[in-house]
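*Asks:* Okay, here's the prediction I keep looking at, along with the sequence it came from:
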Amino acid sequence: MGDEEAKVYMISALVEHKPGVLYSISNMFRRRGFNIESISVGEAEQPDIARMTITIKGDEALVEQVVKQLKKLICVIKVSILDPNSTVARELALIKVSTPDARARSDVINYTEIFKGHVVDVSHESLTIEITGDTDKINAFIELMKPFGIREIARTGIAALPRGMKSTKME
Amino acid sequence: MSRMSGAKALVEALKRENVEVIFGIPGGAILPVYDVLYSADIKHILMRHEQCAAHAADGYARASGRVGVCMSTSGPGATNLVTGIANAYMDSSPIVAITGQVPRPFIGKDAFQETDIIGITTPITKCNFQVRSVAEIPKIVKTAFYIASTGRRGPVLIDLPRDVQLEEDEMNFDDKIELRGYKPVYDPHPLQVEKAVNLLLQAERPVIVAGGGVIASNASQELIALSELLMAPVATTLMGKGAMPEDHPLSLGMLGMHGTVAANYLVQETDVLLAVGMRFSDRSTGNIKTFCPNGKIIHIDIDASEIGKNIRPHVPIVADAKRALQAIYARIVEKFNRRERTAWFNRIQELKRMHEEIIKSDNERIRPPALMAEIRRLLPNDAIITTEVGQNQMWAALYLKVYKPRTFISSGGLGTMGFGFPAAIGAKVACPKVPVVDIAGDGSFIMTEQDLASSVAWNIPVTVIVLNNSVLGMVAQWQRLFYGRRYSAIDLKGLPDFVKLAEAYGAQGFRAQSIEEFRRALKSALNSDVTTVIDVPISSEENVLPMVPPGQDLKNLMLS
């Protein structure tokens, strides 16, 4: 697989919401040598179903295999590849930034406002920012924070849904 | 609804799946189930190693087409099953493995004989279950058998904590199976069938490759019919051996690393390849980049993930082999009754003759190809042949013709030495009226030889033919051909005398130094009601030929 063909794909999977399912899926990815960029999971429309959003880098043949291998797992109910042009994809990040003085503190707060983020925790020497958006936006914000000194980052991975009435729900 | 213990519910659920036999070994964490089995009308065959229990269940499943069942305790009992489960998974064999587990409060506490068998077997089962609540047992058993025996078949494991076996609850055996994530596709898509038919109608040199899926879906008749209609010769994978009668003029035998001349050449010369119930394994394709270089490929498989995994076909068909072959046949027979292809047919026969010439009889010394032909002559057509893994297996695949599906049972995907003998025991239990013969090597047989005890104790007479070269023969062959004869760790010094070994277990033992002695020994074995081991000394310098060196084009066959 040449790097020039590699694209990032988003896959949405509805899975049984019960113990061992995440293990089955991550184990399949590991054993088949599929590298996940990010994975997020949480309860879906029904309490016994979870939605998993997986982003993976590769060519079309690889993504086709990923989808088929996911579908083959009995705990996986439905799998769709999301079209990036008609998908809402969001990620949340918590970023703890060093703010040793008033100048740094005010700069960080300004940037946070521009990016429509929130300051969610404050100490004498740091601010923790919550920021939501697509991956590019979060990466851009992290780049801006680097000169201040990033202490810790926690990212959720992408959660995504198709726009409008299109759905990945169960029939 | 009726109230009973988990152990009782398990056995009752097994009976409802028409289980007639369990291969297993008891232990602490499965004792309550064995207590129920003491007075149940399901036969339990005590094997002498759990690996053999799993292989026996696998052999039973392959010979009968039904689900085989094996059982063990927790911890080492469960981990000993693992090789057998992995073997069944690679060859899509339907077995249900039942393991005891430590009581629920001890799970995760590293209790005595606790092992995470769910974690261990997740990648080698279609599905596995740990029973957390006793009332789930009927439904889980029903689901396990359904999953094992439908779609692409395979092993399913049920892990049963000991306290769940003891607890009582109201049991409902009429619950429906609910599987939102499992809906096997059996019927081919008509548009895809149409595309396949168009390709086949235009083909001038069509070839069919049949894999284990043809046997699993009982599609041999459909395969033969389509082959004759199209005048398309049939090569098989190792797993597909038996799908096409090998005395048929259009049978090419096996393709691949140890393929026949005809199979390997024609797959490379074809313009349309119909691959059915096979997965383009490296052992079948040789160098995948030069496989079938000028042919359009139609790929039929019931497992969608097999399509495009190793080779991207021109026409993918996700379907049961039988139904897909029926659909294709029905559309083609509308156009013609039989294709005449004189040049193609002559080419097929010419290449097949090259293969026959390799079998040369030599009365001085027993040579494996001639021995295989002799075994075939002595066995009835419906006899079941199992094999171990290595040279013995490839000689059998190449030179022992098989005429019926489910009469050749071999460890294809995993290549498990020690498989053939316990699989023969399982096959004999499934088909007690036909002779069952394990073609073995000395290295393989000693890996599971202890189950001579179970075959004698349970009156399951099978015949083991040990091709005895006192080395790990296939490893020796590779070291001879590819490592400059640097024979490393292949000398099986300390091998037992197999005749005495058999006798020590109460079985029958013979040594055959010539074809004539072999003939007498095998005839005696076939008439015996006790397991027989025939030790056949052969040269350690023998190579299995033809052979395609690993990673090379299928036409690069070494013939001598």
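*Replies:* Looks like it arrived, so ask away. Remember, it's a predicted structure, so these values are computed and weren't measured experimentally.
*Asks:* Stretch B:469-478: which residues count as buried?
*Replies:* Buried residues in stretch B:469-478, defined by neighbour count with 16 or more other CB atoms under 10 Å in any protein chain shown: B:469, B:470, B:471, B:472, B:473, B:474, B:475, B:476, B:477, B:478. Yep, even glycine has a C-beta here, placed from its N, CA and C like the rest.
*Asks:* Farthest-apart pair in those, please.
*Replies:* The span of the buried residues of stretch B:469-478, defined through CB to CB, is set by B:470 and B:478 at 17.1 Å.
*Asks:* The helix or strand that residue A:12 is a member of pairs with which strands, parallel or anti?
*Replies:* Assigned by DSSP states H and E, residue A:12 falls within strand A:7-16. Counting by DSSP bridges, the strands paired with strand A:7-16 are strand A:49-58 (antiparallel), strand A:76-82 (antiparallel).
*Asks:* Select from the buried residues of stretch B:469-478 every entry located in helices.
*Replies:* Under the assignment DSSP state H, the buried residues of stretch B:469-478 contribute B:473, B:474, B:475, B:476, B:477, B:478 to helices.
*Asks:* can you put the residues you listed in CSV and add distance to chain A?
*Replies:* Formatted as CSV, the entries for those read as follows, by distance: CB to the nearest CB, whole Å:
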residue, distance to chain A
B:473, 31
B:474, 26
B:475, 26
B:476, 32
B:477, 30
B:478, 26
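*Asks:* so which of those residues comes closest to residue B:175?
*Replies:* Closest to residue B:175, out of all of those and judged by CB to CB, is residue B:474, at 48.7 Å.
*Asks:* Go ahead and confirm residue B:557 touches residue B:263.
*Replies:* No. Residue B:557 is beyond contact range of residue B:263, at 10.2 Å (criterion: CB atoms under 8 Å).
*Asks:* More neighbours: those two, which one.
*Replies:* Neighbours per residue (other CB atoms under 10 Å in any protein chain shown) separate residue B:557 from residue B:263, with residue B:263 holding more: 28 against 21.
*Asks:* and chain B, which residues reach chain A?
*Replies:* B:118-119, B:122-123, B:126-127, B:130, B:147, B:179-182, B:303-305, B:307-309, B:312 (CB under 8 Å from any CB of the partner chain).
*Asks:* how about 6 Å then?
*Replies:* In this structure, chain B approaches chain A at residues B:122, B:123, B:127, B:180, B:181, B:182, B:304, B:305, B:308, judged by CB under 6 Å from any CB of the partner chain.
*Asks:* Which pLDDT value belongs to the residue of chain B found nearest chain A?
*Replies:* When scored by CB to the nearest CB, chain B has residue B:305 as its residue closest to chain A, at 3.8 Å. Here the pLDDT value assigned to residue B:305 is 96.
*Asks:* ok, for it, nearest residue in space, not its chain neighbours?
*Replies:* residue A:68 (3.8 Å; CB to CB, 6 or more residues apart in numbering or on different chains).
*Asks:* now for whichever helix or strand the one you found is part of, which elements pack on it?
*Replies:* Using DSSP H and E, residue A:68 sits within helix A:60-72. Packing partners of helix A:60-72 (3 or more CB pairs under 6 Å, 6 or more residues apart in numbering or on different chains; DSSP states H and E): strand A:76-82.
*Asks:* Could you pull out the strands in chain A for me?
*Replies:* Ranges of strands in chain A, per DSSP state E, are A:7-16, A:36-43, A:49-58, A:76-82, A:87-98, A:118-122, A:126-133, A:150-155, A:159-162.
*Asks:* Could you count how many residues lie near the residue nearest to residue B:123 when sequence neighbours are not counted?
*Replies:* Closest residue in space to residue B:123, ignoring its immediate chain neighbours: residue A:31 at 5.2 Å, by CB to CB, 6+ apart. Counted with other CB under 10 Å, the neighbours of residue A:31 add up to 12.
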